[in-house]
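**Q** Predicted coordinates and the sequence they were generated for:
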Amino acid sequence: MLDEKVTCRYIRFVARELAARVLCISEIYVFDGQDNVGLGAKPIALDVITNNPNWRLSYVNDGYSILGDPLRFYDNRRNGLKVLAAQSHPDTPIVIEATWKNDFAANRLNVYPLTGIQNRSDMNQIGLGYPRHFAVEIRGVDYAWERVFERGRLDGLPVRNPRNVAFCKPLKNQMINGVRLIAYELDRGIEREGSLLALAELEVIDQKGVNRMPDSTLSVSGGDDVQERPDLKRLVDGVSDFGPLMPQRKWLEQLELRRALTHQLSSLRGQVQVEAALREQRKIMAGWIVAVVCLTGLSLGIFVIRRARLKKVNQLRDQIANDLHDEVGSTLGSIALQTDVLSSLVEDRAQKGRLTKVAQAAREAGDTMRDLVWVVDQRSDDTASLVERLRESIESLTLDLPYRFEVEEGFANQSISPEQKRHLLLYTKEAVHNVVKHAEADSLEVQIGRDEPSKKGWLLSVTDDGKGFDFDIEDEELLDRLRSRAKKLEGDLEVSSEPGQGTSLSLRFRLG
């Protein structure tokens, strides 16, 4: 809608970027105040599709619109006037006449069809209750009737029932005091009733936009139906077949306002949906945050509890290691020392031998006790301590046998569990003891390095140049003890040996 007031003589409507290259327009309104001055003007257009009775250029400003009547609100009820043609003279015209005592400037005449017939399917027919041939006459200040419009069989076109829109005739502000609607050819669509004229409302709008019909004196002539004629006021009560009528411009403005409000409502609904989606996402995120916080708190609690328990365990380990070292270790040392003293005082060789064995057993028990204290002591839970312990054990076991002990850089700074360091120590001592006792070797080599194939584990190899073995029953018993240690380490043990070629033990394992 163009809200600005402009002074003009012609109006051009230009449309670009057409959908499917077709422009379809129901009606163009041009208002001067409340007056639709575009009504009845002669339009000009190019490439117009003419398809009677549906498409004609003159329809663009004839007052008909697919929007229907300018209603205040929708109220579908039967309201209007129905007049049956005279049975004795069915071709007699029916005349509806309205007169006024005073002259006034008339702007237009609106004729609303009656569509609220009970059989709704009949309304799809052409001309049901609407005159197929009719004329409009006005009475001027000289009280003479003048025909200003006629349509029907005379111009070769039947009149279509507009169904739910008004027929509008501009009167160009002529001074009048009377209006006639003359119906010459009536509809014959209802066989049981015969021909009839059915209208919902008549309006004569003055130059101020006021409907003057309620102030008129109405009369109907022709036809036989007298039942509804006393109620002529229904034809001028301001109510069409679909509800109360209102000024056309105000109606269009309210339609535009409703369109804008509908658009805003649609936008608000979209915003509400977005807000609802965001709220749902926030709820989900809040749920996840609560879950993460709870899990974090639970994990932290478990960590604190485990750390406290580990601290107590480590304290207990330290206490046990100290007690074993102070009490049991010192006791075994005293036993060995006192046995040596007794052995030096005894002359009998048999008793001296037994005392020597007791001293040796006490010393071995002391060594085992020191290994146990080392395993329990938490301060030795690293590979650096393991390397030193292995070095001391190999040196004490080899006696006069030449040996070489090598450790790859990087192994000495790993963490290790008490179980792993215990089994590695016992496995190494077992392997070195077997070499010293059974291999008759001239040299021994112990190496710890990266396991080359995987690069993730470690390789502990014990190699000698002794007599080797051929895997007999006695040899298998020695190897079973080593395999048992390897299994406890979750490692793999490979044995390579030939008689006279020495022996190689390869243990692959992982820390942690």
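**A** On my side now, so go ahead.

**Q** In terms of helix, strand or coil, where does Ala135 fall?
**A** strand (DSSP: H, G, I helix; E, B strand; the rest coil).

**Q** That one is in contact with Glu146, isn't it?
**A** No - in this structure, Ala135 is not within contact of Glu146 by Cβ atoms under 8 Å, at 10.9 Å. Placement of C-beta: from N, CA and C, glycine included.

**Q** Looking at the two, which is more packed in?
**A** Comparing Ala135 with Glu146 by neighbour count (other Cβ atoms under 10 Å), the higher total belongs to Ala135, at 19 against 12.

**Q** which residues touch the more buried one?
**A** Arg147, Phe149, Glu150, Arg151, Arg180, Leu181, Ile182, Tyr184 (Cβ atoms under 8 Å, 6 or more residues apart in numbering).

**Q** So what sits opposite it in the bridge?
**A** Note on Ala135: beta-bridge partners Glu150, Ile182, judged by DSSP bridges.

**Q** Could you report the distance from it to Val111?
**A** From Ala135 across to Val111, the span is 12 Å (Cβ to Cβ, to the nearest Å).

**Q** Could you pull out the residues contacting both of these two?
**A** Going by Cβ under 8 Å, 6+ apart, residues that sit against Ala135 and also against Val111 are Leu181.

**Q** now, among the contacts of Ala135, which is nearest to Arg485?
**A** Ranked by distance to Arg485 (Cβ to Cβ), the contacts of Ala135 are led by Arg151 at 117.6 Å.

**Q** per-residue confidence at the closest one?
**A** Per-residue pLDDT puts Arg151 at 78.

**Q** correct me, but it touches Arg132?
**A** No - judged on Cβ under 8 Å, Arg151 makes no contact with Arg132 at a distance of 9.2 Å.

**Q** the more surrounded of these two?
**A** Set Arg151 next to Arg132 and count neighbours by other Cβ under 10 Å: Arg132 wins out with 20 against 17.

**Q** Backbone dihedrals for that one, please?
**A** phi -80, psi -20 (degrees, to the nearest 10).

**Q** Tell me how far it lies from Met175.
**A** Taking Cβ to Cβ, one finds Arg132 at 31 Å from Met175.

**Q** how does the chain divide into domains?
**A** Per the record, the chain has its domains at 76-246, 249-380, 382-512, by automatic domain parsing.

**Q** Can you name every helix or strand that the helix or strand hosting Ser266 contacts?
**A** Per DSSP states H and E, Ser266 falls inside helix 248-323. Where contact means 3 or more Cβ pairs under 8 Å, 6 or more residues apart in numbering; DSSP states H and E, helix 248-323 is packed against helix 349-376.

**Q** Let me know the next secondary structure element after the helix-or-strand element of the chain with minimal mean pLDDT.
**A** Using mean pLDDT, DSSP states H and E, the weakest-scoring helix or strand in the chain turns out to be strand 187-190, at a mean of 60. Following strand 187-190 in sequence order, the next helix or strand is strand 194-206 (DSSP H and E).

**Q** what about that following strand, average pLDDT?
**A** 83.

**Q** now swap in stretch 37-52 and tell me
**A** 76.

**Q** buried sites along that stretch?
**A** Going by neighbour count (16 or more other Cβ atoms under 10 Å), the buried part of stretch 37-52 is Val37, Gly38, Leu39, Gly40, Ala41, Pro43.

**Q** hmm, who's touching stretch 171-180?
**A** Contact partners of stretch 171-180, identified using Cβ under 8 Å, 6+ apart, comprise 95-109, 135-141, 143, 145, 148, 204, 207, 216.

**Q** all strands of the stretch 1-150 of the chain, in order?
**A** 31-32, 35-36, 81-84, 94-113, 133-139, 145-151 (DSSP state E, counting those that start in this stretch).

**Q** partners of the third one in the sheet?
**A** What that stands for is strand 81-84. As assigned by DSSP bridges, strand 81-84 forms pairs with strand 194-206 (antiparallel).

**Q** mean confidence score for the next helix or strand after the partner strand?
**A** As assigned by DSSP H and E, the chain's next helix or strand after strand 194-206 is strand 217-221. Strand 217-221 shows an average pLDDT of 89 in the prediction.

**Q** could you point out which element follows strand 217-221?
**A** Following strand 217-221 in sequence, per DSSP H and E, is strand 239-240.

**Q** What's the mean pLDDT across that following strand?
**A** 82.

**Q** residues in contact with that strand?
**A** With contacts defined as Cβ under 8 Å, 6+ apart, strand 239-240 is touched by Asp69, Leu71, Asp75, Asn79, Gly80, Tyr112, Ala166, Ala200, Glu201, Leu245.
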